[in-house]
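Participant: A structural model of the following input is requested.
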Amino acid sequence: MNVATIGTGWITEQFVDAVRESGKLTFAGAYSRSAEKADKLGAPRVFTDLNELAADKEIDVVYIASPNSLHFEQALLLMKNKKHIICEKPMFSTTKELEEAFKVADENGVFLFEAFRNLYTPNHDRLKEAIEKVGAVRHSFFQFIKYSSRYDNVLAGEEPNVFSPAFSGGALVDLGVYPISFAVSLFGKPKNISCHVMMLPTGVDGSGSVVLDYGDHTCTAMYSKITDSHLPGEIGGEEGTIVIDHIAPITSIEFKNRRTGEKEQLAVTEEENDMIYEAKVIAEIIESNDQEKYQYFRNVSEIVIQIMEEARRQTGIVFDVEK
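Facilitator: Residues are numbered from 1 along each chain as shown. Got it, this is the predicted structure:
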């Protein structure tokens, strides 16, 4: 299948490398308003008109990595032209957008994926299988906390896209989506959530935490773009504890048996560019029309956006697309 890209940032470069190494997809084109930027990706074809890309019958899949607020309109146009979509997280700004997008995908017989790169990996699968080792889960903690160089611009009085409500930005949707989607992929939909954030003068959050109440256990998802952290993730149960070095990527999964004190390393060595797994898994789902796997990832996206929308409601974060 032939893939085209939208966006020219580092994440797109990494995805293009993954496509080339996947053996499942072929990099066939790149769209950007700047032909020069698109050309730097080394695409066989460069598009500066989105309608031209949408109409091109040689393109099967489009990877979208534009600013968050542009995802919805771009995805709809492309899906109406029978293109499968891989969209960077957060896929859309609101639940309403997501529901409409999946409706359009279904009507046009195409697949719509959110690029949760860490959920497609072998170590994520191994972690899911290992959870039963801890017995009844009673607590979990996941974080994605990484200082953003764009925060320096905020401190200088500017409003970069990633910290702007005009572009559906902020730490919750940019980094908080990682621990939230990670929890949902493992435990499903929580019964309730509560969110606390540190607001920035731009009108979005710089850091925060979301507590997911699963009834019999509580999961804490912490995130920040204004600090760094080196804390591991953890799943604690009555029979033991699993400690992971990070959620994206996972390179260590250690189970410690509470009764015996024995430790067991469960992780495997993965490719340095973990987007290779994303490219492979998505290509295989499309090729085989694997509706069961597709529904799993679709369900994660549906729950995650509901959680993030409720988190924003609780904390007063409003995007321009909602006004």
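
Participant: burial count for Leu98?
Facilitator: Applying other CB atoms under 10 Å, we find 24 residues neighbouring Leu98. Using the backbone N, CA and C atoms, a C-beta is placed for each residue, glycine as well.

Participant: name the nearest residue to Asp228, ignoring sequence neighbours.
Facilitator: Excluding the flanking residues, the one nearest Asp228 by CB to CB, 6 or more residues apart in numbering is Tyr147, at 5.0 Å.

Participant: how's this structure carved up into domains?
Facilitator: 2-111, 119-322 (automatic domain parsing).

Participant: now render those domains as TSV, adding mean pLDDT.
Facilitator: Shown next, in TSV, are the domains of the chain (pLDDT from 0 to 100):
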stretch	mean pLDDT
domain 2-111	96
domain 119-322	98
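
Participant: look up how far Ser185 lies from the spatially most central residue of the chain.
Facilitator: Central residue of the chain (CA atoms, centre = their mean): Phe116, 3.3 Å from the mean position. Applying CB to CB, to the nearest Å, the value for Phe116 to Ser185 is 7 Å.

Participant: pairing partners for Gly29 in the sheet, please.
Facilitator: Gly29 has these beta-bridge partners by DSSP bridges: Ala4.

Participant: state the number of residues packed around His230.
Facilitator: 8.

Participant: just the endpoints, please. Distance across stretch 142-154?
Facilitator: The straight-line separation of the ends of stretch 142-154 (CA to CA, to the nearest Å) is 26 Å.

Participant: quick check: closest non-adjacent residue to Ser116.
Facilitator: No, residue 116 isn't Ser; it's Phe. Ser181 (5.1 Å).

Participant: can you pull the contacts of that neighbour?
Facilitator: By CB atoms under 8 Å, 6 or more residues apart in numbering, the residues touching Ser181 are Lys89, Glu114, Phe116, Leu119, Val300, Val304.

Participant: surely the third one and Cys87 touch.
Facilitator: Right, Phe116. No: in this structure, Phe116 is not within contact of Cys87 by CB atoms under 8 Å, at 10.5 Å.

Participant: now the helices for this protein?
Facilitator: All helices of the chain, identified by DSSP state H, fall at 10-22, 35-39, 50-55, 71-79, 95-107, 122-130, 150-155, 171, 177-187, 275-288, 291-315.

Participant: save those as TSV, and put in distance to Val197 too.
Facilitator: Putting those into TSV (distance: least, CB to CB, whole Å) gives the following:
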stretch	distance to Val197
helix 10-22	24
helix 35-39	33
helix 50-55	34
helix 71-79	22
helix 95-107	19
helix 122-130	27
helix 150-155	15
helix 171	8
helix 177-187	13
helix 275-288	29
helix 291-315	5
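
Participant: which one of those is the most hemmed in?
Facilitator: Of all the helices of the chain, helix 171 has the most neighbours on average by mean count of other CB atoms under 10 Å, namely a mean of 28.

Participant: how far out from the middle of the chain is it?
Facilitator: 13 Å (CA atoms, centre = their mean, to the nearest Å).

Participant: so which elements touch it?
Facilitator: strand 205-213 (3 or more CB pairs under 8 Å, 6 or more residues apart in numbering; DSSP states H and E).

Participant: which residue comes closest to Asn153 once chain neighbours are left out?
Facilitator: Pro160 (4.8 Å).

Participant: for the one you found, what are its contacts?
Facilitator: So Pro160 contacts Arg150, Asn153, Val154, Gly169 (CB under 8 Å, 6+ apart).

Participant: looking at these, which one is closest to Leu25?
Facilitator: Comparing the contacts of Pro160 against Leu25 with CB to CB places Gly169 closest, at 29.0 Å.

Participant: quick check: the closest one vs Ala65, distance?
Facilitator: Taken as CB to CB, the span from Gly169 to Ala65 is 14 Å.

Participant: likewise for Ser194?
Facilitator: Ser194 is 31 Å from Ala65, by CB to CB.

Participant: between the two, which has more neighbouring residues?
Facilitator: A count of neighbours by other CB under 10 Å puts Ala65 above the other of Ser194 and Ala65, at 21 against 13.

Participant: hang on, that one packs against Thr12?
Facilitator: Yes: using CB under 8 Å, Ala65 is in contact with Thr12, at 4.7 Å.

Participant: shared neighbours of the two, which are they?
Facilitator: In contact with both Ala65 and Thr12: Thr5, using CB under 8 Å, 6+ apart.

Participant: returning to that earlier point: what's the closest of the contacts of Pro160 to Leu76?
Facilitator: Nearest member of these to Leu76, counting by CB to CB, is Gly169, at 20.9 Å.

Participant: identify the residue spatially nearest to that closest one, adjacent ones excluded.
Facilitator: Nearest non-adjacent residue to Gly169, counting by CB to CB, 6+ apart: Val162, 4.8 Å away.
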